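Asker: dropping a prediction and its sequence here:
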Amino acid sequence: MKKLFIICNLFLMGVLTVSCEKEAFDPTNNSDFNKESISIDKMELIKTLIENNEVSKNHNVSINSTELCGTSWHTTHNFQNSFSNSDYWDYYHFNGTAGDVISIVVTRITSTMDPGFSLFFGTSTGTEGVTIYDGGENMTFLEWRDDEIPMDCFGDPFLENYVLPSTGTYTVAVMDVQSCGYPLFDYEIRTWGINCDIQGTIEIDGCDTGVTNAVTNTGSTMQHMINLLEAGTYRNHGQFVRAVSKLLNTWSSEGLLTPGDKGKIMRCAGLSSIGKNKRI
């Protein structure tokens, strides 16, 4: 019944033909893939999808990736059985050096979630061509993990003591594979061997705020989240300043900023040129 439910779900979401220009990758034949830890139904479903070049159609939505910092944090996944559609995944990134040894585990907090994740080398601004075993044009698939840690509803994914093959930025995509209930799904990510390069103080458009860059409760650094705002498109300068103010209010409520720190950051936001002379 569970297998039939997922297949019906996949057809409802649509199908995407994988480009024949890329060599097909079958995770069921991967020597690193833990065949004993995953259910027969799941294995058969995944293998069928790969053999038929069928995965759910994605629509190239923009990827808003969160920086992996610290060792653990909580977050929420909003979609059920999302493994077949990369539009609905949660994306994270981190910088690594070839030879670094890392471990990543995604632990469900909502007992009915069935989390899994893919690891890619590189980053992407959109989901076009991205599947559990294919990074599209801009990312290289490395690993997929699911059910390594047994739970009542299948299991949780665990990538243990993985040696990074290259120096650069990596992307982790978290999804729900075959849940035993309905969202919202809360989960926790824990990492080992991943360290953020936290530099100096926060800057906005070249203006040094003098406020120390720190890791936020989302797992990203303050500078990274400011950079995301700077990269946005605004009707005017005031809209950008209000976006910064909203972000700072969140940090203040979490005890991460003093009123003085907020004032220094807002000063640089006000002096910036972001949003000026632009119309959308």
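Answerer: In hand now; what should we look at?
Asker: show me the shaky parts of the stretch 51-200 of the chain.
Answerer: Residues of the stretch 51-200 of the chain that meet the criterion pLDDT under 70 lie in 51-59, 70-72, 197.
Asker: so where do the helices sit in the stretch 101-250 of the chain?
Answerer: Taking DSSP state H, counting those that start in this stretch, the helices of the stretch 101-250 of the chain run over residues 222-230, 237-253.
Asker: and the nearest residue to Thr107 once chain neighbours are set aside, how many neighbours does it have?
Answerer: Excluding its sequence neighbours, the residue lying closest to Thr107 (CB to CB, 6 or more residues apart in numbering) is Glu188, at 4.8 Å. For every residue, glycine as well, the C-beta is placed using N, CA and C. If you count neighbours by other CB atoms under 10 Å, Glu188 ends up with 15.
Asker: in TSV: the helices of the stretch 101-250 of the chain, plus mean pLDDT.
Answerer: Formatted as TSV, those follow (pLDDT from 0 to 100):
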stretch	mean pLDDT
helix 222-230	87
helix 237-253	94
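Asker: between those, which gets nearest to Gly168?
Answerer: Closest of those to Gly168 is helix 222-230, at 16.4 Å (criterion: CB to CB).
Asker: what's in contact with that closest one?
Answerer: Here helix 222-230 makes contact (CB atoms under 8 Å, 6 or more residues apart in numbering) with 64, 67, 199, 202-205, 211, 213-216, 218, 240, 243-244, 247, 251, 256, 272, 274.
Asker: hmm, back to that, deepest of the helices of the stretch 101-250 of the chain, which one?
Answerer: Most buried of the helices of the stretch 101-250 of the chain by mean neighbour count (mean count of other CB atoms under 10 Å) is helix 222-230; its value is a mean of 19.
Asker: now that helix, how far from the centre of its chain.
Answerer: Chain-centre distance of helix 222-230: 16 Å, with CA atoms, centre = their mean, to the nearest Å.
Asker: ditto for stretch 270-280
Answerer: 29 Å.
Asker: buried only: go through the contacts of helix 222-230 for me.
Answerer: For these, a burial check counting by 16 or more other CB atoms under 10 Å picks out 67, 202-204, 211, 213, 215-216, 218, 240, 243-244, 247, 251, 256, 272, 274.
Asker: which members of those residues occur in strands, if any?
Answerer: Mapping those onto strands (DSSP state E) picks out Glu67, Ile202, Glu203, Ile204, Val211.
Asker: my guess is Gly181 contacts Thr112. True?
Answerer: Yes - between Gly181 and Thr112 there is a contact under CB atoms under 8 Å: 2.8 Å.
Asker: who's the residue nearest to Thr107 bridged to?
Answerer: Glu188 forms beta bridges with His74, Thr107, as assigned by DSSP bridges.
Asker: make 892 the first number, not 1, from now on.
Answerer: Let's use 892 as the start, then, which means that last one is Glu1079.
Asker: how close does it sit to Lys1155?
Answerer: 33 Å (CB to CB, to the nearest Å).
Asker: same check on Asp1067?
Answerer: According to CB to CB, Asp1067 stands 41 Å off from Lys1155.
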